[in-house]
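**Student:** got a structure for you, letters missing:
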């Protein structure tokens, strides 16, 4: 690709910045967004002048809020098993031989939370919020979003995040190990720049080897993700999953259990 519509790409001073540019959708990604991020990661990841990659979202509201539900009706609008090459994007964040830093400037929800999980490092504004929403909208991330998250924050916490779909503030994310640092929003860019500057003083080959060594211990998750995405593609064709999307778009509570409406109505 020579130009992008859904993202911004900037390379300067040894750092590549990839910014999701869909503020009207709270930087949710569609198929095209994923394809552009994949292209940009290849571009930056194999550029020998680049020593660090920063992933973020435009504005101060959202880092990324996951898959664009308005493009989801039993399948998203792009390629791949579910219409989003999201497993390819997640894997590539891990594959490129450069540290990928999540600059979390706002909501990191759903697939956005998974992107933070996949990044090597994460620096968040104190206004950022994290969490999963899949079970609320008839979806799930059955790979890096679950298995890798458990390695990052611990098994019990990861299950809490997915089973309850709560929101977590930046300092809570710091305590659980999901992010490396939390700073005021006004200081976010300066802090990210400091981390990038430190990385650029290090041996790029040593860092590449270290990153691959870290990944080697958890790369089996890629196989879990492939199997899980096959199951997810089937799940998206069910009435249960489609009810979640309809409820989200209609701004109402979903009724996943039609024989237990009373229970559903009591849920927060």
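**Tutor:** Done, it's in. None of the values given here were measured: they were computed from a predicted structure. Residues are numbered from 1 along each chain as shown.
**Student:** where along the stretch 1-150 of the chain do the strands fall?
**Tutor:** Ranges of strands in the stretch 1-150 of the chain, per DSSP state E, counting those that start in this stretch, are 7-12, 15-20, 52-57, 62-64, 100-104, 107-109, 121-125, 129-131.
**Student:** now distance to residue 163 too, for those strands, in CSV please.
**Tutor:** Every C-beta, even on glycine, is put in place using the N, C-alpha and C of the backbone. CSV is the format used below for the strands of the stretch 1-150 of the chain (distance: least, C-beta to C-beta, whole Å):
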stretch, distance to residue 163
strand 7-12, 32
strand 15-20, 28
strand 52-57, 27
strand 62-64, 22
strand 100-104, 23
strand 107-109, 16
strand 121-125, 23
strand 129-131, 12
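**Student:** highest mean neighbour count out of those?
**Tutor:** strand 62-64 (a mean of 29; mean count of other C-beta atoms under 10 Å).
**Student:** in the stretch 51-200 of the chain, where is pLDDT below threshold?
**Tutor:** 70-78, 81-83 (pLDDT under 70).
**Student:** coming back round to it: out of the strands of the stretch 1-150 of the chain, flag the one nearest residue 84.
**Tutor:** Residue 84 lies closest to strand 62-64 among the strands of the stretch 1-150 of the chain, at 12.7 Å (C-beta to C-beta).
**Student:** quick revisit: so which of the strands of the stretch 1-150 of the chain is nearest residue 32?
**Tutor:** Smallest distance to residue 32 across those (C-beta to C-beta): 9.4 Å, for strand 7-12.
**Student:** can you give the distance of that closest one from its chain's centre?
**Tutor:** 19 Å (C-alpha atoms, centre = their mean, to the nearest Å).
**Student:** again with stretch 170-182
**Tutor:** For stretch 170-182, the distance to the chain centre is 15 Å (C-alpha atoms, centre = their mean).
**Student:** what's the span of that stretch, first residue to last?
**Tutor:** With C-alpha to C-alpha, to the nearest Å as the measure, stretch 170-182 spans 7 Å from end to end.
**Student:** stretch 80-91 now?
**Tutor:** One end of stretch 80-91 to the other measures 14 Å (C-alpha to C-alpha).
**Student:** got the contact list for that stretch?
**Tutor:** Stretch 80-91 is contacted from outside by 29-31, 34-35, 37-38, 41, 67, 71-72, 75-79, 111, 114-115, 118, 141, 143-145, 222, 225-226, 229-230, 232-233, 236, using C-beta atoms under 8 Å, 6 or more residues apart in numbering.
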